[in-house]
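**Student:** Here you go, sequence then predicted model.
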Amino acid sequence: VPTLSFTATASAKVVLDLKARLHLENEDIIESASLKRGDIRVEIIENDSVEQNYETGAKLIEKLEAEKARSLVFVKNEKQARRLDNIGCNQVDYLLDYREDTFRDFINQNTNTLVVGHDMGVGINLPNVNCCIHIGYPVSVSQFVQEAGRVAREEGASGSAYLVVQDYDKLKDWEKELLS
């Protein structure tokens, strides 16, 4: 029975598992894509504490706002978003309560930075997004890859994905998986 499968975020381990379970040969896999695409630059910024993650994130947001970069800032919950707001990131819009006007302002390019929850990272094609920032680790590397995929979706575009984190041991594991 002919079968066709597509994935955007399968890790190398998942691909190996699929090959074994489905008895696939290398020539059966037409193309394998990874985060190593030429149009998205990934930068990992390591800090000593969670609080420093927010301070670094706020400075990065301020820099990108000054450059008029269109950015998505991924946080896990409203509490994390409010921490950014309390540090002084009040020039950005927060879409954690799904206000239609906030979303429309970003779509219409009336605002350049939007702080969002992780559900905004899947299946939404937002126009002209140059950058994404993750404050803390997403749930998985594949979730990071999926959310970074919101950046530079237009032909010939380029952009950046930042991961602002602490915990060096976890970071080593993430780097291994990202580069595999």
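**Tutor:** The structure has been received and is ready for your questions. The shown structure was predicted, so the numbers you read here are calculated from the model rather than taken from an experiment.
**Student:** Leu163 and His134 touch, don't they?
**Tutor:** Yes. Using CB atoms under 8 Å, Leu163 makes contact with His134 at a distance of 4.9 Å. Every residue, glycine included, has its C-beta placed from N, CA and C.
**Student:** Overlap of the contact sets of the two?
**Tutor:** Phe144 (CB atoms under 8 Å, 6 or more residues apart in numbering).
**Student:** Which residues does whichever strand or helix holds Leu163 contact?
**Tutor:** Applying DSSP states H and E as the criterion places Leu163 in strand 159-165. Outside strand 159-165, the residues that touch it by CB under 8 Å, 6+ apart are 39-47, 53, 56-57, 60, 129-137, 144, 147-148, 151-152, 171, 174.
**Student:** the strands in this structure, which residues?
**Tutor:** Under the criterion DSSP state E, strands of the chain are mapped to 40-46, 71-74, 93-94, 113-116, 131-135, 159-165.
**Student:** okay if I get these as TSV plus mean pLDDT?
**Tutor:** Output for the strands of the chain, formatted as TSV (pLDDT from 0 to 100):
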stretch	mean pLDDT
strand 40-46	88
strand 71-74	90
strand 93-94	54
strand 113-116	83
strand 131-135	92
strand 159-165	92
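**Student:** With distance to Arg83 and mean neighbour count as new columns, can those be given to me in a markdown table?
**Tutor:** Output for the strands of the chain, formatted as a markdown table (distance: least, CB to CB, whole Å; neighbours: other CB atoms under 10 Å):
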| stretch | distance to Arg83 | mean neighbour count |
| --- | --- | --- |
| strand 40-46 | 17 | 16 |
| strand 71-74 | 12 | 26 |
| strand 93-94 | 12 | 20 |
| strand 113-116 | 10 | 24 |
| strand 131-135 | 8 | 25 |
| strand 159-165 | 12 | 23 |
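**Student:** Thr102: which of the ones you listed is closest?
**Tutor:** strand 93-94 (4.7 Å; CB to CB).
**Student:** for the helix ranked longest in the chain, which positions count as buried?
**Tutor:** For the chain, the helix with the greatest residue count under DSSP state H is helix 50-66. For helix 50-66, burial by neighbour count (16 or more other CB atoms under 10 Å) applies to 53-58, 60-62, 64-65.
**Student:** Of the residues you listed, which is the nearest to Asp105?
**Tutor:** Glu65 (14.3 Å).
**Student:** Could I get the strands of the chain in a markdown table, plus columns for distance to Asp105?
**Tutor:** Shown next, in a markdown table, are the strands of the chain (distance: least, CB to CB, whole Å):
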| stretch | distance to Asp105 |
| --- | --- |
| strand 40-46 | 25 |
| strand 71-74 | 14 |
| strand 93-94 | 6 |
| strand 113-116 | 8 |
| strand 131-135 | 18 |
| strand 159-165 | 20 |
